[in-house]
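*Asks:* Below are the sequence and a predicted model for it; my questions follow.
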Amino acid sequence: MEHLSKKEYAKMCKAVEPHGKNFLNYLYAFLIGGFICAMAEALREWLVFMKAEETVINSLVPIVFIFLSAILTYFKVFKKIAKVAGAGTLIPITGFANAVVSPAMEYKTEGYILGTAVKMFIIAGPVIAFGTLFGVLYGICYYIFGVI
Amino acid sequence: MKTVYFNNVYIKSTASVVGPREANGPMKDYFDVIFDNPLCYENTWEAAECRFQKVALNMALQKANLKKVDTIMAGDLLNQITASSYAVRNKNIPFIGIYGACSTFALAAINAGVYIENGFCNNVAAISSSNFCAAERTYRFPSEYGSQRTMSAQKTVTASGCMILSNEVSNIKIESATIGCVKDLGIKDGADMGSAMAPAAADTVIRFLSDTNTAPNDYDLILTGDLGNIGSKLFKMLLEKNGYKNITNHNDCGKMIYDIKTEDAHSGGSGAGCVASVFSGKIYSDLVSGKLKNIIVCATGALLSPIMINQKETIPAVAHLINIKRTD
């Protein structure tokens, strides 16, 4: 085969790139992601109405959505929603829950310790690592600027 | 290394085993064994894939009227090709593990041909397989992870194929083979294997045509392994760039195995079991009936690993080719 540079080949690939349904993807992500967040806000409003304490509300709303996402993942429904929703289910906390539950289910075949427990954070690990790290950094900033 | 010619290597039998998704596709009437459950009533995907290989081998032996073969050459997509090695344990048949990613079937067949041609074996089984869920575990995400697949992505087939090659004369002969070179033209997207593999396929086919002094239209079919929709377009564009225009006899196992409209397979099927099952099913059947007389099978493999992708490396690929001819 005559020599072809990576740049030339990249041009050829661009010419045959399938044109995905980008607009529809954005629309569904917006609508479904927005719906999930709106439901979370509705739950928060209801808890406020029920005169729940703020600390309880702040924990309970994410817990409910983590639970729902975990249950839907277990019953193999989450993936069907995510196929349409894309970022709409990935970005909210529902994505995180699915990212922990799905490998936990998958790696059960290697046992609960070396399978489930080791592998359950293979996707969500960065969320936990960087979430904790930025929490610490924020705390330091808050302490410094709070004192000042 | 130029194209190798064989005088003494024939196909004695083939067998194909597929899962339920593949059994719903256009090739369904040509598969020997269909499992309605992708787990094959085993406890793990890995065990299921082993079972596929065992069933394919047993079926091919039965069709060939053989109790065993001299050697098994087999491979798959799992780490350390465990589906193949675990499938043949305790069979007391010498085993050679082969890895060529999705080109494994052709690579196994070529090696089998070399052993038979040189008189080391009378008959050899070439086997390969893939399992969608086991491959997702090895290369991508857990099966219930809610990610969106791109339009260029292909779906790993759950299938196995076995070809028994022999020095016993039959109507279907392995005429020649070309071993592929590893090509890497800078594709980084692990969800776009077709683009990564097309240059390797084009390179091997061009080398074969040049070595044999033949043209694409001399053959009834140029069958690639799993380039899918996008890879097939690029393959033809690359051949055109090298002077081989107006190719009308190309088809691709990845495009054939699923109905792209009804099966959510985006750019088509892929996997080591793709070319193995489609060839062992429909294509071999057409060779036997005489519908096809002289074909090229160019199986393609993307030689990536998740570690290399995470290290921001590009995807090298290889394609191995066999020319199969009817002797009449």
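*Replies:* Nice, thanks for sending it over. Keep in mind that what you see is a predicted model, and the values were worked out from it rather than measured.
*Asks:* Distance-wise, check the residue of chain B found nearest chain A relative to residue B:216.
*Replies:* Distance from chain A to each residue of chain B (CB to the nearest CB) is smallest for residue B:146, at 2.8 Å. Glycine gets a C-beta too; all of them are placed from N, C-alpha and C. According to CB to CB, to the nearest Å, residue B:146 stands 43 Å off from residue B:216.
*Asks:* Have a look at these two and say which one is more surrounded.
*Replies:* residue B:146 (25 against 19; other CB atoms under 10 Å in any protein chain shown).
*Asks:* Now do the residue nearest the centre of chain A, the pLDDT please.
*Replies:* Nearest residue to the geometric centre of chain A (CA atoms, centre = their mean): residue A:95, 2.4 Å. The model reports residue A:95 with a pLDDT of 94.
*Asks:* just residue B:267 next, same as before
*Replies:* In this model, residue B:267 carries a pLDDT of 86.
*Asks:* Helix, strand, or coil at the residue of chain A found nearest chain B?
*Replies:* For chain A and chain B, the shortest gap (CB to the nearest CB) falls at residue A:82, measuring 2.8 Å. Residue A:82 falls in the helix class when you classify it by DSSP: H, G, I helix; E, B strand; the rest coil.
*Asks:* that older thread, would you say the residue nearest to the centre of chain A is within a strand?
*Replies:* No. Counting by three-state DSSP, residue A:95 falls outside a strand, being helix.
*Asks:* The closest residue to it other than its chain neighbours and residue B:152, how far apart?
*Replies:* Distance criterion CB to CB, 6 or more residues apart in numbering or on different chains; nearest residue to residue A:95, sequence neighbours excluded, is residue A:89 at 5.8 Å. Plainly put, residue A:89 is 22 Å away from residue B:152 if you go by CB to CB.
*Asks:* One more: residue B:113?
*Replies:* 34 Å.
*Asks:* Now do the helices in the stretch 201-328 of chain B.
*Replies:* B:228-241, B:253-257, B:272-278, B:284-289, B:306-310 (DSSP state H, counting those that start in this stretch).
*Asks:* Let me see the backbone angles for residue B:158.
*Replies:* For residue B:158, the backbone dihedrals are phi -100, psi 100 (criterion: degrees, to the nearest 10).
*Asks:* Over to the one 10 residues further on?
*Replies:* The phi/psi pair for residue B:168 (degrees, to the nearest 10) reads phi -80, psi 130.
*Asks:* Just list the residues touching it, thanks.
*Replies:* B:10, B:12, B:122, B:123 (CB atoms under 8 Å, 6 or more residues apart in numbering or on different chains).
*Asks:* now do residue A:62
*Replies:* A:40, A:93.
*Asks:* which SSE is it in?
*Replies:* Element membership for residue A:62 (DSSP states H and E) is helix A:54-74.
*Asks:* number of nearby residues for residue B:275?
*Replies:* 35.
*Asks:* List of residues touching the lowest-mean-pLDDT helix or strand in chain B?
*Replies:* For chain B, counting by mean pLDDT, DSSP states H and E, helix B:132-139 ranks last in confidence among helices and strands (a mean of 91). For helix B:132-139, the surrounding residues in contact (CB under 8 Å, 6+ apart) are A:106, B:19, B:21, B:38, B:45-46, B:48-49, B:77-79, B:83, B:142-143, B:155-158, B:190, B:271, B:304-306.
*Asks:* where's it relative to the chain centroid, distance-wise?
*Replies:* Distance of helix B:132-139 from the chain centroid (CA atoms, centre = their mean, to the nearest Å) equals 17 Å.
*Asks:* cool, stretch A:111-124 as well?
*Replies:* 18 Å.
*Asks:* And stretch A:127-137, by the same measure?
*Replies:* 16 Å.
*Asks:* what does that stretch rub up against?
*Replies:* A:96, A:99, A:121.
*Asks:* now with 6 Å?
*Replies:* Outside stretch A:127-137, the residues within contact range by CB atoms under 6 Å, 6 or more residues apart in numbering or on different chains are residue A:96.
*Asks:* does the residue lying closest to residue B:235 once chain neighbours are set aside sit in a helix, a strand or a coil?
*Replies:* Leaving aside its sequence neighbours, residue B:235 sits nearest to residue B:198 (CB to CB, 6+ apart; 4.5 Å). With three-state DSSP as the basis, residue B:198 sits in helix.
*Asks:* isn't residue B:198 right up against residue B:234?
*Replies:* Yes. Applying CB atoms under 6 Å, one finds residue B:198 in contact with residue B:234, separated by 3.7 Å.
*Asks:* Compare the two (neighbour count), which wins?
*Replies:* Using other CB under 10 Å, the more surrounded residue of residue B:198 and residue B:234 is residue B:198, with 33 against 26.
*Asks:* Ramachandran angles for residue B:38?
*Replies:* Residue B:38 has phi and psi values of phi -60, psi -20 when expressed as degrees, to the nearest 10.
*Asks:* Run a quick neighbour tally on it.
*Replies:* Neighbour tally, residue B:38, other CB under 10 Å: 20.
*Asks:* Spell out which parts of the stretch 151-300 of chain B neighbour chain A.
*Replies:* B:151, B:185, B:186, B:195, B:202, B:203, B:206, B:230, B:233, B:237, B:242 (CB under 6 Å from any CB of the partner chain).
*Asks:* Are we agreed that the second one is in a helix?
*Replies:* To tie it back to what came earlier, the one meant is residue B:185. No. Assignment of residue B:185 by three-state DSSP gives coil, placing it outside any helix.
*Asks:* which residues touch it?
*Replies:* A:6, A:9, B:199 are the contacts of residue B:185 under CB under 6 Å, 6+ apart.
*Asks:* ok, now which ones touch the spatially most central residue of chain B?
*Replies:* Most central in chain B under CA atoms, centre = their mean is residue B:275, positioned 3.1 Å from the mean C-alpha point. Counting by CB under 6 Å, 6+ apart, residue B:275 makes contact with B:105, B:225, B:253, B:299.
*Asks:* What average pLDDT does the top helix by length along chain A get?
*Replies:* Looking across chain A with DSSP state H, the single longest helix is helix A:22-49. Mean per-residue pLDDT for helix A:22-49: 94.
*Asks:* does that helix come close to chain B?
*Replies:* No. Helix A:22-49 lies out of reach of chain B by CB under 6 Å from any CB, never closer than 7.3 Å.
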